[in-house]
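Participant: I need the structure of the sequence given here:
(one chain, ligands or ions: 1)
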Amino acid sequence: MKSTVPDQRPNILYIMSDDHAAHAIGAYGSRINQTPQLDRIAQEGMRFDHCFCTNSICTPSRATILTGLYSHENGVLTLADHLDHHVLTFPQLLRAAGYQTAIVGKWHLGHGRRWDPAGFDYWSVLPDQGEYFDPPMYEMGHRRVFPGYATDIITDLSLDWLRRRDPERPFFLMCHHKAPHRPWLPDAKHAQLYEDVDLPLPPTFDDDYATRPAAEAAHMRIARDLNAEDLKRPMPAGLTPAGQTEWKYQRYIKDYLRCVASIDDNVGRLLDYLDAEGLSENTMVVYTSDQGFFLGDHGWYDKRFMYEQSLKMPLLVRYPREVAPGSHCSAMALNVDFAPTFLDLAGVGIPETFQGTSLRPLLGGSTPPDWQKTMYYRYWMHLDEPHHVWAHYGVRSERHKLIYYYGEALGAAGAHDRPTPKTWELFDLQEDPYELHNRYDDPAYQTVVAELKAELQRLQERLHDIPVE
Ligand code: CA
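Facilitator: Residues are numbered from 1 along each chain as shown. Okay, the predicted model is just below:
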């Protein structure tokens with residue numbers, strides 16, 4: 001028998017882009033672009049200033065978000081791993097509780113019966129990384145090609161699904177953009193944006209990596225490692241070496257921001273739909289990215305490192321019933337906390353196996369006294385091609401960060417079994433927010449080093465990870 005009591009549980013619209021760093025969002029004080037539609041979410045909701053991913057790379061972050069588990073617990077350590085559908089995810093629980101569920105766009109967790117999206121009434125996902133133009137998609141297991149630009153198409157399909165949903169039941173929709181992932185292909189509408197301006201360089205653009213051998217060893221330098229597909233145009237003749245590097249930066253950052261501009265427009269379309277349908281009050285809107293990105297910071301593109309620009313995820317949440325407009329949260333939030341948060345909001349029990357904690361108190365404006373003040377990070381894909389980033393784990397507190405590059409692949413898929421030096425880094429984020437000065441051997445910081453090593457050990461024990469000797 002159909003209930004006559006309207007279902008008051010919130011709808012959840014979860015929008016996630018791929019590699020969109022917080023410092024390319026207006027609401028986060030971007031120096032290089034404007035994002036009026038994303039800023040609407042922040043103005044009408046909450047901006048998290050310390051949201052971090054626990055493994056800064058696409059596939060593992062997505063697996064952690066879905067499972068509420070760290071990489072070593074859900075088995076998705078690197079880009080080469082898939083998420084087995086036997087692993088419990090929160091959309092399965094929402095669906096079992098009566099939510100209508102859908103995912104559109106980037107999946108990147110494997111294809112085929114064992115790895116296709118589980119727990120969704122509707123899914124239409126890009127194969128692997130997907131294409132920017134005329135993307136093929138797997139729609140409920142069937143391959144279809146959609147003419148047009150991926151960011152528009154992913155939004156169109158999301159809106160189509162919203163329009164044909166059952167309005168009597170709450171929905172949970174994951175709208176996952178491919179953009180602004182490499183190779184940063186903008187659409188025609190935004191292709192000329194910034195054409196006549198030079199965008200400012202970040203403060204650490206000329207980092208010399210002194211005291212940080214792992215940083216020096218990485219192959220993600222704008223000056224050296226961008227390829228012809230990234231740059232898309234022949235370099236003008238007659239530039240000095242410094243001029244060549246800056247030309248490459250402008251090529252890179254402008255195309256990246258053009259891709260972001262399309263996301264911003266399309267987020268606006270979704271927000272307008274919610275307004276027009278009277279759904280804004282009872283819908284939680286989340287905007288985030290699977291990790292951060294280096295936008296010329298440290299002379300780099302890409303992510304992977306535990307450094308701030310890569311570690312930090314944008315997280316904007318609008319939910320008028322519980323979140324004050326224009327609010328900020330400085331407490332630590334992690335991608336592993338997303339799954340329990342959505343279950344909490346939906347009134348669904350959080351499995352004891354989940355390792356994260358619901359962010360709902362933070363959304364309501366109060367930070368519990370025992371809230372996390374440190375976080376654990378681990379990047380497994382040792383010496384990945386082509387970036388050559390060394391595997392590492394570490395701990396970030398509110399003021400400091402300790403990183404251990406343990407120098408081994410440990411059998412992780414896609415990692416290369418070649419030893420690198422075992423090295424440590426310590427940063428004082430208050431004195432050195434740009435993380436240029438490794439203080440690990442500084443006598444003045446030995447107490448901090450000892451405290452953070454103890455905290456690292458405590459976190460590894462609590463989260464059931466195994467230290468590397
Ligand atoms: Ca990504």
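
Participant: please report the distance of the residue nearest to Ser262 when sequence neighbours are not counted from Gly130.
Facilitator: What sits nearest to Ser262 in space, not counting adjacent residues and going by Cβ to Cβ, 6 or more residues apart in numbering, is Thr151, at 4.5 Å. In this view, the C-beta of every residue, glycine as well, is placed from N, C-alpha and C. Applying Cβ to Cβ, to the nearest Å, the value for Thr151 to Gly130 is 11 Å.

Participant: again with Leu201
Facilitator: Leu201 is 30 Å from Gly130, by Cβ to Cβ.

Participant: what's the answer for Leu257, then?
Facilitator: Relative to Gly130, Leu257 is positioned 20 Å away (Cβ to Cβ).

Participant: repeat for Gly243
Facilitator: In terms of Cβ to Cβ, Gly243 sits 34 Å off from Gly130.

Participant: which one's more surrounded, those two?
Facilitator: Legend: neighbour count by other Cβ atoms under 10 Å for Gly243 and Gly130, higher for Gly130 (22 against 12).

Participant: what sits closest to that one if chain neighbours are left out?
Facilitator: Lys178 (4.6 Å).

Participant: go on, Tyr319?
Facilitator: Met284 is the one closest to Tyr319 (Cβ to Cβ, 6+ apart), at 3.9 Å.

Participant: tell me the residue of the stretch 1-150 of the chain that sits nearest the ion?
Facilitator: In the stretch 1-150 of the chain, the residue that lies nearest the ion is Cys58 (3.5 Å; Cβ to the ion).

Participant: neighbours of that residue, how many?
Facilitator: For Cys58, using other Cβ under 10 Å, the count is 21.

Participant: which residues sit in contact with it?
Facilitator: 18-19, 79, 106, 108, 181, 290-291 (Cβ atoms under 8 Å, 6 or more residues apart in numbering).

Participant: so can I have a markdown table of those showing secondary structure?
Facilitator: Listed next are those as a markdown table, based on DSSP: H, G, I helix; E, B strand; the rest coil:
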| residue | secondary structure |
| --- | --- |
| Asp18 | coil |
| Asp19 | coil |
| Leu79 | coil |
| Lys106 | strand |
| His108 | coil |
| His181 | coil |
| Asp290 | coil |
| Gln291 | coil |
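
Participant: how about CSV for the residues you listed, with distance to the ion and neighbour count added?
Facilitator: Shown next, in CSV, are those (distance: Cβ to the ion, whole Å; neighbours: other Cβ atoms under 10 Å):
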residue, distance to the ion, neighbour count
Asp18, 4, 26
Asp19, 4, 28
Leu79, 10, 17
Lys106, 8, 28
His108, 8, 25
His181, 6, 24
Asp290, 4, 27
Gln291, 5, 28
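
Participant: pick the one among those residues closest to Glu431.
Facilitator: Closest approach between the contacts of Cys58 and Glu431, by Cβ to Cβ: Gln291, at 25.5 Å.

Participant: tell me the strands beside whatever helix or strand the residue nearest to Tyr319 lives in, with direction?
Facilitator: Element membership of Met284 [criterion: DSSP states H and E] is strand 283-289. Here strand 283-289 has these sheet partners by DSSP bridges: strand 11-17 (parallel), strand 315-318 (antiparallel).

Participant: name the residues that touch the helix or strand following the longest one?
Facilitator: Put plainly, it is strand 11-17. With elements assigned by DSSP H and E, the helix or strand that comes after strand 11-17 is helix 36-43. Counting contacts by Cβ under 8 Å, 6+ apart, the residues outside helix 36-43 that touch it are 25-27, 263-265, 267-268, 271, 285, 287, 316-318, 325-326.

Participant: in the residues you listed, which residue is surrounded by the most others?
Facilitator: Result: Tyr287 is most packed of the contacts of helix 36-43 (other Cβ under 10 Å), 30 neighbours.

Participant: residues in contact with that residue?
Facilitator: Tyr287 touches 15-17, 38, 41, 267, 314-317, counting by Cβ under 8 Å, 6+ apart.

Participant: among the residues you listed, who's most crowded?
Facilitator: Using other Cβ under 10 Å as the neighbour test, the contacts of Tyr287 are led by Ser17, with 29 neighbours.

Participant: who does it bridge with?
Facilitator: Ser289.

Participant: wait, it sits on Cys175?
Facilitator: No: the criterion here is Cβ atoms under 8 Å, and Ser17 misses it with Cys175 at 9.4 Å.

Participant: follow-up on the earlier one: what's the overlap in contacts for Thr151 and Gly130?
Facilitator: Common neighbours of Thr151 and Gly130 (Cβ under 8 Å, 6+ apart) are Lys178.
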